[in-house]
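Asker: Just a sequence and a predicted model for now, questions to come.
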Amino acid sequence: MNNRLPSRRRARAATLAGLALASLLLSLGLLAAGCGEGSSDADTTVTTASGQTTATTAAAGTTSGTELGEAVGAAWAEVTQKLNALLAGRPEAGSVQSEVAALKEEYVQKFVAFGEQRLGLDSGAQDDADAALLSALNDAANADWYKTYMRTYEAYAYMSGDVEFTNLLASFNILTQYSDFELLKEQAPDEAARLGIK
């Protein structure tokens, strides 16, 4: 009987990790479906397999879709790595929840700024940004920092039982949606309204 409990917990953690990955893939699918159809916003993420990031502050002067996509990707890699550092040693969920939420909000604001930049791009540049996102997500799947994030998420899902905190951690996986206003309005209309995105 004791042997069943750990396997059930492992199955639950694997299921939750699968749901997080499915959510990410769903976001990508919705993004790909909307590419080139007059969407005024896009979700772009570029990350390197080695976990290297570029300065996200350079994005303020971004002129091309590819550059914007790379900046969004670098910001996503950066926030995920900051989250990993914050959760190193797996502190109790309650002791870090407010810091994790503040980190998320800081980057939500950065991604919204990227979304505002995207509004100024023509459809070709938006397509370039989308291509950069898809490339980055493929690279991220093999990056050590992303694997650390997924293991950390699974550990909290398995051991904490705190659904709110687990959902907060999972939300980092789809933060780039804040740079694609149309996608954000579809997937998180309350968040879009909170941020004044119409």
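Answerer: Sure, I can see it.
Asker: pLDDT below threshold where in this structure?
Answerer: The chain contains residues with pLDDT under 70 at 1-62.
Asker: What residues sit buried inside stretch 144-159?
Answerer: Counting neighbours by 16 or more other C-beta atoms under 10 Å, one finds that the buried residues in stretch 144-159 are 145-146, 148-150, 152-154, 156-158. Heads up, the C-betas are built off the backbone N, CA and C, glycines and all.
Asker: Specify which member of the residues you listed is nearest to Q126.
Answerer: Here the nearest of these to Q126, counting by C-beta to C-beta, is Y146; it sits at 25.0 Å.
Asker: What strand or helix carries that closest one?
Answerer: helix 144-159 (DSSP states H and E).
Asker: Pull that helix out as PDB, backbone CA atoms only.
Answerer: Presented in PDB, the C-alpha positions along helix 144-159 are these (Å, rounded to 0.1, in the frame of the first residue of the first chain):
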ATOM      1  CA  ASP A 144      19.100  23.800 -18.500                       C
ATOM      2  CA  TRP A 145      17.400  26.800 -16.900                       C
ATOM      3  CA  TYR A 146      14.000  25.800 -18.400                       C
ATOM      4  CA  LYS A 147      14.500  22.200 -17.300                       C
ATOM      5  CA  THR A 148      15.200  23.600 -13.800                       C
ATOM      6  CA  TYR A 149      12.000  25.600 -13.900                       C
ATOM      7  CA  MET A 150      10.000  22.600 -14.900                       C
ATOM      8  CA  ARG A 151      11.600  20.400 -12.200                       C
ATOM      9  CA  THR A 152      10.900  23.200  -9.600                       C
ATOM     10  CA  TYR A 153       7.300  23.500 -10.700                       C
ATOM     11  CA  GLU A 154       6.800  19.700 -10.500                       C
ATOM     12  CA  ALA A 155       8.300  19.600  -7.000                       C
ATOM     13  CA  TYR A 156       6.000  22.300  -5.700                       C
ATOM     14  CA  ALA A 157       3.000  20.700  -7.400                       C
ATOM     15  CA  TYR A 158       4.000  17.400  -5.800                       C
ATOM     16  CA  MET A 159       4.900  18.600  -2.300                       C
END
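Asker: Cool, thanks, signing off.
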